[in-house]
Structure formats: C-alpha cells, structure tokens
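Novice: Structure of the sequence below:
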Amino acid sequence: MSYVKRAVLDNFKNNLKPNKVLVLLGARRVGKTQLIKKYLETVEEKVLQLNGEDLNDARLLEERTLENYARLFQNIGLLVIDEAQAVQDIGLILKFIVDHIEGIKVIATGSSMFDLANKLGEPLVGRKNTFFLYPLSQIEFSNYENYKQTAENLETRLIFGGYPELTQYSSWEEKQNYLREIVSSYLLKDILIFDGIKNSNKIYDLLRLIALQIGKEVSLQELGNQLQMSKNTVERYLDLLTKVFILFKVEGFSRNLRKEITKTSRWYFYDNGIRNAIINNYNSLQNRTDVGDLWENYLASERIKKQEYHKIFRANYFWRTYDRQELDWLEEDAEKLSAFEFKWNENKKAKIPTAFAKAYPDAEFSLITKKNYLDFIT
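Specialist: Here you go, the predicted model:
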C-alpha cells in the first residue's frame with residue numbers, strides 16, 4: 001500500500017478559494033506534506049512552496065509591503081507554506097497577502113495549534129477554512145481493503161496505530177523502530193520549541209500515566225502528586241499535548257443529576273501506536289492485559305476522525321455516577337442523545353444503565369463490538 005488517498009482531499013480541493021487561506025493542521029508525520037504533494041500534481045497554476053522552518057524562506061515573507069509581495073508572488077496562483085507556525089506574525093502576513101494579491105490561493109500547514117490558532121485566529125476571521133489531518137483512519141483504509149483484510153489488520157492497528165509511513169514496513173520490529181523514532185524525534189518538538197521546556201522527562205512521565213488510565217477518570221491533583229508538580233502545571237502540559245494532536249479530552253456528561261460525575265475528564269491518544277510506544281509495549285493481543293483499553297482508545301480516536309472527515313458536529317462525553325454506573329461514550333446534538341458501550345469480548349453482555357435510562361428515556365443506546373464496530377467508525 002504505497003499511498004492511501006486521504007479523506008480530506010476532495011473537501012480540500014473544494015475549499016481552496018482565491019484570496020482565502022486553507023489551513024491544514026495535524027501532528028508531525030501524519031502526511032500533511034504528502035497530501036499537498038498529491039494535490040499539487042493536479043493543479044495547472046504556478047505554485048510557490050515555502051517552509052516556515054527554513055530561515056531563508058521565512059525571511060522572504062518578513063517585509064510586509066505590497067512591493068515585496070508583488071515581486072515575490074508575480075505570476076503565482078498558489079502559495080503553499082509548510083510548518084507555517086514557525087513564521088513570525090504569520091497571521092498578519094497571510095492577511096496582507098490575501099487582501100492585496102488579487103486571485104492568489106494560499107495553503108498553510110501546521111503541526112501545532114498553540115501558534116497557529118493564536119496567530120491566524122483574529123487576523124484571518126472570514127478569510128480561512130481549517131481542516132484537520134490525523135493518522136490514517138479506517139475510513140481511508142476501507143477504500144483499499146475488503147472485510148477479510150480489515151479483520152486481519154485490526155490487531156496491527158490496535159498495536160501500531162495508523163501513521164502513514166508504517167504501511168511501508170512489514171515486520172513488527174520495523175514498525176516498533178519507526179514508532180520509537182517518532183516518539184524520540186518528533187512527538188514533543190513543537191512543545192519544546194514553543195514553551196522553552198528544557199527537560200521533557202516530566203511530559204513523558206505524564207504521557208505514561210495517561211497511557212495507563214485510558215477509559216478512566218483522570219484527576220489533575222493526583223497526577224500532580226505522582227509527578228511532584230502543581231495541578232496547574234499538569235493542566236498546562238495537558239493543554240499543550242492537545243494542541244500538538246497527541247491527546248484529546250472527553251468530559252463527563254450531566255444535566256445536573258446529583259450522582260453524575262462531571263469534575264474529572266478522560267483522556268485518549270489520537271493514535272494507538274503512540275500510546276503503546278510511550279509505555280514500550282508492542283506485545284500481541286493474546287499477551288496483553290490492556291486489550292480493553294486499546295479497543296476503547298481505538299474506537300474513540302476513530303470516531304473523532306469520522307466526525308471530522310464527515311463533518312458530523314456532535315459534542316462527545318462519557319457518563320458515570322458515583323455508584324459506578326457508567327457508559328463509555330455519549331454524543332449529543334441538537335436533536336438527540338446517543339449512548340455507546342464498547343466491549344472487546346463479544347460474549348460479555350451489556351445493557352443501558354438503569355439510572356441513565358431513567359434520567360434520559362429518549363436516548364438511544366448501542367453496544368459496539370467487533371461485529372458492528374465498522375458502522376461506528378466508518
């Protein structure tokens with residue numbers, strides 16, 4: 001499988017407009033540059049490609065004058081800036097370009113939100129469309145696999161995740177080595193640059209604790225006690241980890257019933273492979289005690305991808321009461337509330353908790369197992 005067509009590509013093409021910026025966000029190594037390369041093979045207009053991490057390229061954009069940009073973008077129909085978060089004042093620069101260079105289209109990619117969200121937010125109000133790119137999803141694999149192949153590949157995806165370059169490697173050892181390289185060289189690069197953190201060990205320790213608490217409520221105070229840091233520092237690190245697309249948070253659902261838990265959150269990894277690399281566990285499923293955690297993280301992350309790629313706008317939650325009635329996943333939109341329970345073991349029975357059914361009689365309930373999970377994630 002040399003190249004997998006990305007789910008955002010068609011919407012990507014449709015939303016690239018003259019005098020607008022198309023922002024493509026995603027973790028390092030998830031395929032942003034390759035997606036742009038594939039797209040550029042289809043365009044006829046003249047393209048200028050810059051990389052924000054290249055000092056010479058960044059300097060070309062520094063002089064924010066009409067004269068400089070008219071010279072730089074002469075006969076250019078499409079400007080592509082990779083790793084745009086590295087360019088100082090990138091929001092103001094892009095605003096000036098799309099406001100003054102008639103007909104130009106702009107693509108800006110970024111591997112972190114703490115720079116781009118701040119720098120692009122206010123300057124580009126009404127001037128941008130934003131897309132997110134994640135590790136490969138089952139939505140994308142489904143275009144190349146039949147049901148039998150998908151079933152055979154499930155274990156590999158639960159263990160190694162979906163980073164695109166993994167498709168080049170056939171052996172488990174090669175996949176392990178690749179994930180170790182991702183974690184050691186790329187995973188925290190943007191955080192270390194942005195926050196000036198000299199010692200990343202504490203963040204890795206935090207990630208390990210989160211990796212061992214998949215599907216469980218996480219107390220910031222308890223994490224702080226274990227890591228010997230303040231609750232506020234833990235909260236700041238977790239926020240940074242969400243902004244570089246390593247973790248995402250799911251909060252507790254409540255409509256003010258007394259017994260519902262809402263003050264803690266659950267955390268998931270966008271990619272199972274990164275989670276397993278953090279704890280250095282690549283054992284096969286038959287030799288693991290955390291298969292339920294892997295299954296829950298996989299379903300949660302794949303559901304997030306499906307919502308983004310299919311433009312399904314819902315709020316996601318978990319639900320639990322103090323007397324330990326719980327549901328793994330809830331989705332709420334304007335019209336309905338849907339509840340889901342995830343079970344790896346298909347022989348285990350599950351039914352909607354009594355307290356939930358009583359409190360929310362109109363909610364839908366579904367049990368997600370290996371028999372029906374593809375409907376949930378594709």
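
Novice: In contact with residue 32, which residues?
Specialist: 24, 26, 82, 109, 111, 133 (CB atoms under 8 Å, 6 or more residues apart in numbering). C-betas here are computed from N, CA, C, even on glycine.

Novice: Distance of the nearest residue to the second one once chain neighbours are set aside relative to residue 356?
Specialist: Just to be clear, that refers to residue 26. Counting by CB to CB, 6 or more residues apart in numbering, residue 133 is the residue found nearest to residue 26 once chain neighbours are left out, at 3.6 Å. Distance of residue 133 to residue 356, computed by CB to CB, to the nearest Å: 35 Å.

Novice: Can you tell me the number of residues neighbouring residue 161?
Specialist: Neighbourhood size, residue 161 [other CB atoms under 10 Å]: 25.

Novice: cool, and residue 336?
Specialist: With other CB under 10 Å as criterion, residue 336 counts 11.

Novice: Strands of this protein, start to end?
Specialist: For the chain, strands defined by DSSP state E occupy the ranges 21-25, 47-51, 78-82, 105-110, 128-132, 247-252, 265-269, 315-320, 326-332, 337-342, 364-368.

Novice: ranking these by burial, who's on top?
Specialist: strand 105-110 (a mean of 25; mean count of other CB atoms under 10 Å).

Novice: Kindly reformat the contacts of residue 32 as TSV containing pLDDT.
Specialist: Output for these, formatted as TSV (pLDDT from 0 to 100):
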residue	pLDDT
24	94
26	93
82	93
109	93
111	86
133	96
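
Novice: and the two most separated of the residues you listed?
Specialist: 82 and 133 (12.7 Å; CB to CB).

Novice: what's the burial count for the closest residue in space to residue 161 that isn't next to it in sequence?
Specialist: Among residues not flanking residue 161 along the chain, residue 273 sits closest, at 2.6 Å (CB to CB, 6+ apart). Residues lying near residue 273 (other CB under 10 Å) number 25.

Novice: what residues are up against residue 273?
Specialist: Going by CB under 8 Å, 6+ apart, residue 273 touches 135, 159, 160, 161, 162, 163, 166, 175, 179.

Novice: any idea of the pLDDT on it?
Specialist: At residue 273, the pLDDT value in this model is 98.

Novice: now it: how far from residue 130?
Specialist: 25 Å.

Novice: Roughly how far does the nearest residue to residue 320 once chain neighbours are set aside sit from residue 361?
Specialist: Nearest in space to residue 320, with sequence neighbours left out and distances taken as CB to CB, 6+ apart, is residue 326 at 3.9 Å. Separation of residue 326 from residue 361 (CB to CB): 18 Å.

Novice: likewise residue 37?
Specialist: Using CB to CB, we find residue 37 at a distance of 52 Å from residue 361.

Novice: Show me which of the two is the more surrounded one.
Specialist: Per other CB under 10 Å, whichever of residue 37 and residue 361 has more neighbours is residue 37, with 13 against 7.

Novice: could you give the mean pLDDT of the longest helix along the chain?
Specialist: Counting by DSSP state H, the longest helix found in the chain is helix 291-309. For helix 291-309, the mean pLDDT works out to 97.

Novice: Buried residues in that helix, which are they?
Specialist: 292-306, 308-309 (16 or more other CB atoms under 10 Å).

Novice: where in the stretch 101-250 of the chain is pLDDT low?
Specialist: Residue ranges of the stretch 101-250 of the chain with pLDDT under 70: 114-122, 194-199.

Novice: Now do the helices in it.
Specialist: With DSSP state H, counting those that start in this stretch as the criterion, the stretch 101-250 of the chain has helices at 113-121, 138-141, 147-160, 172-185, 189-195, 201-211, 220-227, 231-243.

Novice: Just put those in JSON lines and tack on mean neighbour count.
Specialist: Below are those laid out as JSON lines (neighbours: other CB atoms under 10 Å):
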{"stretch": "helix 113-121", "mean neighbour count": "19"}
{"stretch": "helix 138-141", "mean neighbour count": "20"}
{"stretch": "helix 147-160", "mean neighbour count": "16"}
{"stretch": "helix 172-185", "mean neighbour count": "16"}
{"stretch": "helix 189-195", "mean neighbour count": "17"}
{"stretch": "helix 201-211", "mean neighbour count": "18"}
{"stretch": "helix 220-227", "mean neighbour count": "16"}
{"stretch": "helix 231-243", "mean neighbour count": "17"}
